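Participant: Provided below are the primary sequence and the corresponding predicted coordinates.
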Amino acid sequence: MRTVMVASEALPFVKVGGLADVVAALSRTLAKKKVNVSVVIPLYSRVKEHPHFKENATLFGRYEVRMSWRIQKCEVFQTDVRNVRYYFIGNDYYFSRGDVYGYNDNVERYAFFSLAAYRLIRDYLPKTDVVHLHDWQASAIPMLYLDEFGKLPVRTMLTIHNPCFQGICSRGDLPDFFNLGTDYFDDGLARLDDNVNLLKSAIMLADRITTVSPTHQKELLSGISSYGLEKILHLRRSDFVGILNGLDTDEFDPKKDPLIVRNYGIGNALSGKKENKEQLCRELNLVHGDYPLFCIVGRLTYQKGIGFIIANLEKIFQFRLNLVILGQGEEDYEHQLSFYCRGRDNVSCNIRFSNEMAHRIYAASDFLLMPSIFEPCGIAQMIAMRYGTLPIGSKVGGLIDTIDSYNQLNEDSANGLLFHLDDDNLLVNIIFALNLYEKKRVLAKLIHNAMRKDFSWDRSAEEYLRLYRQMLEKNHLDS
Ligand code: GLC
């Protein structure tokens, strides 16, 4: 079976959010199961600077992409990583920029990407069985097929990682950027409210739709954090499945992680974590090295509940705890966090992203704070658990599916804390965690449970494979 993943980011070359981890790890696991997998992503500046790209990538081909009156050059590069072929869609005007996202012409950039990826698959990868689209940036592709062939000649799957971003644009953008008629808007296929909505068009056209946890699938259908998609998803509910993401357990393994100060496993987690913590506290000038260490790692965005953290910071600082923050995101949050954290001796605020530091924080911390407003799956809580750091998360989406919340009766299975998100609850749970920290026996048990949990991709990849097979059978019946 031949599958092509189309996404706006993928590790090891470019990562902004969890999407990059998922595309890479799912592809690699499917490849282990003898699926022939390719990944198509844009050739951003930061991809060009990646050592693997620099040393190994070769030119695959050049073609021109027409976007109504524009003729844009496209250069495709390729390389292999662990049995997965990566194709990079290059165009300096669209992708040689400092950042990955955040530009006013994002619709145009990903229209180019979709048209170029479509052409790559249609003309150069004709044996493709399944085109697996991730999020809105790849969502125009089914419409492009429909427009050219009058039906979809390959099976397509759409995975929704973030329902908040839908590729919203105007009616006129269809002809201007996508070479598509405005009838896709007028007849409703690509229309939601008064806008073109690319994600909606893919929800309507893909053979299967998935999202990244069973609970988030239910949320999306019931209108919770569905950003207006619930009715559309209802139309497709029999083809809509929630599959929990896994974790790259090779990359995130405290036993052999080369980035952390001291390696440890379940057997010596307490002493191992202690050493990592002492070292990190020294480096970050957290003077009370023996206090419980809380961390926040990831994108500093609305979705991640950073507003709740900021609203409670003054109170959090009064507790006997240390807090380390690592991440970047919305400027307002970055400024506020830096401002409030300045001059304190129990917080270290690092407005940047560093993979190495993230690993070291996970290894050193006692608790991870994750007060997400919505969370389709979430990866930080899984990494934290693998490193014996107990997650304190809000009761949403994938956090519900991965965290077994401690309630004083379930110490044999509990591995973290879950709470309903509101201001007081965050503080109440921090206090609960501080108490738990003193109960060393229970704490050790929870750490053990967390580290024991199976997050491998194998099971999830099997589910994707099962869906691919179903789609292909349907294909067979159709023809
Ligand atoms: C998005 C979601 C996150 C999920 C990730 C990978 O970033 O916000 O919850 O883990 O995609 O699927």
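Facilitator: Now that the structure is in, tell me what you want to look at.
Participant: how about the residues of the stretch 251-400 of the chain near the ligand?
Facilitator: E375, P376, C377, G378, I379, G398 (CB under 6 Å from any ligand atom). For glycine as for every other residue, the C-beta is placed from the backbone atoms N, C-alpha and C.
Participant: And for the last one, the neighbour number?
Facilitator: By that I understand G398. 27 (other CB atoms under 10 Å).
Participant: can you start the count at 23 instead of 1 from here on
Facilitator: Sure thing, new numbering starts at 23, so read that last one as G420.
Participant: looking at it, it is touching C399, isn't it?
Facilitator: Yes - between G420 and C399 there is a contact under CB atoms under 8 Å: 3.5 Å.
Participant: Could you name every residue contacting both of those two?
Facilitator: Counting by CB atoms under 8 Å, 6 or more residues apart in numbering, the contacts common to G420 and C399 are V234, S235, H238, L266, N267.
Participant: Just name the closest of the residues of the stretch 273-422 of the chain next to the ligand to V103, please.
Facilitator: Nearest to V103 among those is I401, at 19.3 Å by CB to CB.
Participant: Find the nearest non-adjacent residue to that closest one, please.
Facilitator: G40 (4.4 Å; CB to CB, 6 or more residues apart in numbering).
Participant: next one: A406
Facilitator: L390 (4.0 Å).
Participant: Surely the one you found is within a helix?
Facilitator: No - using DSSP: H, G, I helix; E, B strand; the rest coil, the secondary structure at L390 is strand, not a helix.
Participant: what is it paired to in the beta sheet?
Facilitator: Assessed by DSSP bridges, L390 has beta-bridge partners C317, P413.
Participant: Give the full set of residues in contact with it.
Facilitator: 316-319, 384, 402-403, 406, 411-415 are the contacts of L390 under CB under 8 Å, 6+ apart.
Participant: rewinding a little: just confirm the residue nearest to I401 contacts E397, I think it does.
Facilitator: No - applying CB under 8 Å as the test, G40 and E397 come out as separate, 9.6 Å apart.
Participant: Compare the two (neighbour count), which wins?
Facilitator: E397 (32 against 23).
Participant: and that one, what element?
Facilitator: Here E397 sits in a region with no helix or strand, counting by DSSP states H and E.
Participant: Which single residue of the stretch 373-501 of the chain ends up nearest the ligand?
Facilitator: C399 (3.5 Å; CB to the nearest ligand atom).
Participant: So which bits of the helix or strand hosting I338 are buried?
Facilitator: Using DSSP H and E, the secondary-structure element containing I338 is helix 328-340. Going by neighbour count (16 or more other CB atoms under 10 Å), the buried part of helix 328-340 is I328, G329, F330, I331, I332, N334, L335, I338.
Participant: just stretch 465-477 next, same as before
Facilitator: Buried residues in stretch 465-477 (16+ other CB under 10 Å): L465, K467, L468, I469, H470, N471, A472, M473, K475, F477.
Participant: Residue ranges in the protein under the pLDDT threshold?
Facilitator: Where the chain drops to pLDDT under 70, the residues are 445, 496-501.
Participant: could you redo the last one with a cut-off of 80?
Facilitator: For the chain, applying pLDDT under 80 flags the ranges 444-445, 496-501.
Participant: report the longest strand in it, please.
Facilitator: Counting residues, the longest strand in the chain under DSSP state E turns out to be strand 92-103.
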